[in-house]
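Colleague: okay, structure incoming, though there's no sequence with it:
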């Protein structure tokens, strides 16, 4: 198992997360992909390297999807046969939940989503956005996925090559993964995780308008594609 952490302008949460992962799973390697962060992030990235992480770097900001693919390609070459758990090291994903997803991948051999309950004090834009995309995803694919926007996901080793072929460079990539999995009848497993938002989710780099459009566009294309309509 490898932990993959894509980052852009990381906060101290990166150091906190990799330290906790090292302590909880000392034998598991951690790969950080820096998606073109500026000089202010250099210290955080050096600290991650000092904590034993492999840090891969993009010269410019290319998007979360591109960062994930860089990580998948590296892991497939440097750690063949290892499953991967992707997490956002901004404090939202608890180490216990990351380990739970890892265990679920090992047991099931499937793609695993860490799904949030969206109960209690959840920012309105997060609650509304997930509800809308969840309903649209089910309408388009017939698959009932409870959390289409979760960043905590696990993948068995045999999916890494396929994941690098899924289109998308930015936030739309993770939606494309689910859509392509549905079209290919790849099973998607789920496990419940803790819902944590820090400062009304203000640390997120998700841009409400532009990035929402990127997420909904592939959903619309999928729903309108002839192959999808003919299979219903």
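Modeller: Right, received. Where do you want to start? Note that the structure is predicted; figures quoted are calculated from it, not measured. Numbers count the residues shown, from 1 in each chain.

Colleague: any idea of the pLDDT on the spatially most central residue of the chain?
Modeller: By Cα atoms, centre = their mean, the chain has its centre lying nearest to residue 151, at 3.3 Å. Here the pLDDT value assigned to residue 151 is 92.

Colleague: ranges for the strands of this structure?
Modeller: Ranges of strands in the chain, per DSSP state E, are 2-7, 29-35, 54-58, 84-86, 111-116, 153-155, 188-193.

Colleague: what would those look like in JSON lines with distance to residue 180?
Modeller: Every C-beta, even on glycine, is put in place using the N, C-alpha and C of the backbone. As requested, these are exported to JSON lines (distance: least, Cβ to Cβ, whole Å):
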{"stretch": "strand 2-7", "distance to residue 180": "19"}
{"stretch": "strand 29-35", "distance to residue 180": "21"}
{"stretch": "strand 54-58", "distance to residue 180": "23"}
{"stretch": "strand 84-86", "distance to residue 180": "16"}
{"stretch": "strand 111-116", "distance to residue 180": "11"}
{"stretch": "strand 153-155", "distance to residue 180": "13"}
{"stretch": "strand 188-193", "distance to residue 180": "11"}
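
Colleague: looking at the ones you listed, which is nearest to residue 142?
Modeller: Comparison of the strands of the chain against residue 142 by Cβ to Cβ identifies strand 188-193 as nearest, at 12.3 Å.

Colleague: show me the contacts for residue 180.
Modeller: Contact analysis of residue 180 by Cβ atoms under 8 Å, 6 or more residues apart in numbering lists 166, 186.

Colleague: state the distance from it to residue 156.
Modeller: 16 Å (Cβ to Cβ, to the nearest Å).

Colleague: dump the strands of the chain to TSV, plus distance to residue 173 and mean neighbour count.
Modeller: Formatted as TSV, the strands of the chain follow (distance: least, Cβ to Cβ, whole Å; neighbours: other Cβ atoms under 10 Å):
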stretch	distance to residue 173	mean neighbour count
strand 2-7	10	25
strand 29-35	12	23
strand 54-58	14	16
strand 84-86	11	27
strand 111-116	14	24
strand 153-155	11	25
strand 188-193	16	17
